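Student: what shape does this take:
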Amino acid sequence: MKSVVGAVVSNRMHKSVVVAMDRLFQNKLYNRNIKCTCKFMAHDENDQCNIGDKVKLDPSRPLSKRFFDEL
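Tutor: Prediction:
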């Protein structure tokens with residue numbers, strides 16, 4: 001997995017954040033732009049991220065069932 005850049009949408013968990021990555025692509029049939037949002041759960045060791053912050057996620061070994069990234 002490669003590094004991704006996104007915005008923090010939730011920081012309610014202890015030492016964890018949810019990061020949303022938006023991407024635009026064009027529909028080949030209708031020539032319309034479509035916005036797709038992917039959400040990733042990431043480990044935040046120092047609990048320093050707030051909602052709206054831009055962060056870069058670096059891939060790491062699996063930390064749990066849903067956590068594969070670190071800030």
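
Student: average pLDDT for stretch 60-71?
Tutor: Mean per-residue pLDDT for stretch 60-71: 84.

Student: which residues outside it are in contact with it?
Tutor: Stretch 60-71 is contacted from outside by 1, 16-17, 19, 40-45, 49, 55-59, using Cβ atoms under 8 Å, 6 or more residues apart in numbering. Bear in mind the C-beta positions are built from the backbone N, C-alpha and C, glycine included.

Student: next, the buried residues of it.
Tutor: Using 16 or more other Cβ atoms under 10 Å as the test for burial, stretch 60-71 gives 67-69, 71.

Student: residue contacts, the residue positioned nearest the centre of the chain?
Tutor: Centroid-nearest residue in the chain, with Cα atoms, centre = their mean: residue 19, separated by 3.1 Å. Contacts for residue 19 (Cβ under 8 Å, 6+ apart) come out as 4, 6-9, 39-42, 55, 57, 69.

Student: ok, which pair from the buried residues of stretch 60-71 is furthest apart?
Tutor: Farthest pair in the buried residues of stretch 60-71 (Cβ to Cβ) is 68 and 71. Separation: 12.5 Å.

Student: CA atoms of the helix or strand bottoming out on mean pLDDT in the chain as CSV?
Tutor: Every helix and strand of the chain was ranked by mean pLDDT, DSSP states H and E. The lowest is strand 67-70, at a mean of 81. Written as CSV, here are the backbone C-alpha positions of strand 67-70 (Å, rounded to 0.1, in the frame of the first residue of the first chain):
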residue,chain,number,x,y,z
PHE,A,67,-5.5,-0.5,11.7
PHE,A,68,-2.7,-0.7,9.1
ASP,A,69,-1.4,2.9,9.0
GLU,A,70,0.5,5.3,11.2
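
Student: give me the sheet partners of that strand and which way each runs.
Tutor: strand 33-43 (parallel), strand 54-59 (antiparallel) (DSSP bridges).

Student: in the last one, what counts as buried?
Tutor: This points to strand 54-59. For strand 54-59, burial by neighbour count (16+ other Cβ under 10 Å) applies to 55, 57.

Student: now find how far off-centre it is within its chain.
Tutor: 7 Å (Cα atoms, centre = their mean, to the nearest Å).

Student: okay then, goodbye and thanks.
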